[in-house]
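> Structure for this input, please:
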Amino acid sequence: MVRKAFWFYFTLVLAVTIPGRAFAQPIMEQLKHGTVSANSIDIHFVEQGEGPLVLFLHGFPESWYSWRHQIPAVAEAGYRAVALDMRGYGRTSKPEAIGSYSISHLVGDVIGAVAALGHERAVIVGHDWGGPVAWYSALMRPDVVQAVAVLSVPFSPPASLPEGVTLNDLMAVNAGGRNYYRLYFQEPGVAELELEADVRRSMLGFLYSVSGDIIRDGLHSHGWDGHFPMGETLAAQLVIPEELPPWLSEQDLQFYVDELTGSGFRGGINWYRNISAIPERLAPFVGSTITQPALYLYGEYDLIAGNTPAAVGALPAVLPDLRGVIKLDGAGHWLQQERPDEVNGALLEFLSEL
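Numbers count the residues shown, from 1 in each chain. This is a model prediction of the structure:
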């Protein structure tokens, strides 16, 4: 079930007009910032609008700012659009213990934030790591999550693994003698030291290397799936463009650099260090699935988070109320930034049908 997104984009006084260009007013002046206490941490959020709650969850290595194009459009359509700084990022708490970043903690943050924001239910929208958190929030708490929309990471139903086998083991086998970025992140301190040595280079490298622009510019023939030769560093795999892609302004990049300079990469990387605990945490839900309305969007060249034809093709069978699977031709991983108006149109259509 694949359908094309129709163009639906609001021209807003306070919104972005063309991807990569500056906002009509500085974004920090447009949006309301706040903090709620939930699940034993303080969660920073940014919001605009009034109405039913639409909660946005970002991924690695980003911030609430990755939803800068969606917040005004969703707010103008009659919703309370709230984007979180996820656990370990920005102004949100950054617990020291690696085990404090499990999928249970992350889902607990989301469900706790809904209540702390004064709502009983919400539509959850997630991208990258925020995608699994959105999927599993919907799976675990259908009483709270009214509907779910995810970008770039397809739903993986809970499954049991053989005794003594971990997800890290499976990733290593799949890598076939190569390294893999999720495995590279497992050793505490290694990736942090490498990425924090030059935050601007790291952030720009991540944003460009898995975008659709690296294909368009002829530097890669296909999307990068996160594997690289043993003995090499992750930073060496990141491609730095001579010019910023059209969807990323110098102002946008500097915001990310400032945020990650302040927070460091450790919190976000700790999410990866809990991957092998996911099957155990989801064990009570094996055999169940998400029954709420669902929407999935992905980029043609995005391979970094499992957008294989098999994974995308399986979605209609495992999500009984899947309202759409939307492929954006020419796009990469950073869907809501690379193609904001198409993403906005798809989200607003999805919301209007609930």
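> where does the stretch 151-300 of the chain dip in pLDDT?
Along the stretch 151-300 of the chain, no part satisfies pLDDT under 70.
> In it, what residue spans correspond to strands?
Taking DSSP state E, counting those that start in this stretch as the test, the strands found in the stretch 151-300 of the chain are 179-180, 227-228, 294-299.
> With distance to Leu139 and mean neighbour count as added columns, please give the ones you listed in a markdown table.
No exception for glycine: its C-beta is placed from N, CA and C like everyone else's. Shown next, in a markdown table, are these (distance: least, C-beta to C-beta, whole Å; neighbours: other C-beta atoms under 10 Å):
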| stretch | distance to Leu139 | mean neighbour count |
| --- | --- | --- |
| strand 179-180 | 26 | 19 |
| strand 227-228 | 29 | 18 |
| strand 294-299 | 11 | 26 |
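> would CSV of these with distance to Ser37 be doable?
Converted to CSV, the strands of the stretch 151-300 of the chain look like this (distance: least, C-beta to C-beta, whole Å):
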stretch, distance to Ser37
strand 179-180, 36
strand 227-228, 40
strand 294-299, 30
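> for these, which one sits closest to Leu234?
strand 227-228 (7.1 Å; C-beta to C-beta).
> The closest one: partners in the sheet, and parallel or antiparallel?
Here strand 227-228 has these sheet partners by DSSP bridges: strand 179-180 (antiparallel).
> what does the partner strand rub up against?
The contact list for strand 179-180, computed with C-beta atoms under 8 Å, 6 or more residues apart in numbering, reads 171-172, 174, 226-232.
> Looking at these, which is nearest Ser288?
Nearest member of the contacts of strand 179-180 to Ser288, counting by C-beta to C-beta, is Met171, at 24.7 Å.
> okay but the closest one is in contact with Tyr184, surely?
No: if you go by C-beta atoms under 8 Å, Met171 and Tyr184 don't touch, sitting 10.6 Å apart.
> In this structure Gly330 contacts Gly212, no?
Yes: checked against C-beta under 8 Å, the pair Gly330 and Gly212 is within contact range at 5.0 Å.
> where do the contact lists of these two overlap?
Listed as contacting both Gly330 and Gly212 by C-beta under 8 Å, 6+ apart are 299-301.
> Asp198 is nearest to which of the strands of the stretch 151-300 of the chain?
With C-beta to C-beta, the closest approach to Asp198 among the strands of the stretch 151-300 of the chain belongs to strand 227-228: 18.4 Å.
> Quick check, pLDDT for Gly306.
We note a pLDDT of 87 for Gly306 in this prediction.
> ok now do the residue in the chain sticking out farthest from the centre, which residues does it touch?
Checked against the mean C-alpha position of the chain, the extreme residue using C-alpha atoms, centre = their mean is Glu163, at a distance of 30.6 Å. Applying C-beta under 8 Å, 6+ apart to Glu163 gives no contacts.
> and what of Thr289?
By C-beta under 8 Å, 6+ apart, Thr289 lies in contact with 139, 157, 318-320.
> one more time with 6 Å, if that's ok
157, 318 (C-beta atoms under 6 Å, 6 or more residues apart in numbering).
> State the phi and psi torsions of it.
The phi/psi pair for Thr289 (degrees, to the nearest 10) reads phi -150, psi -180.
> try Lys32
Per-residue torsions, Lys32: phi -90, psi 130 (degrees, to the nearest 10).
> Adjust the sequence numbering to begin at 50 for everything that follows.
Will do, 50 is the new start, and the previous item becomes Lys81.
> Could you tell me how many residues sit around the residue nearest to it when sequence neighbours are not counted?
In space, and not counting its chain neighbours, Lys81 is closest to Glu96: 5.2 Å by C-beta to C-beta, 6 or more residues apart in numbering. Neighbour count for Glu96, taken as other C-beta atoms under 10 Å: 22.
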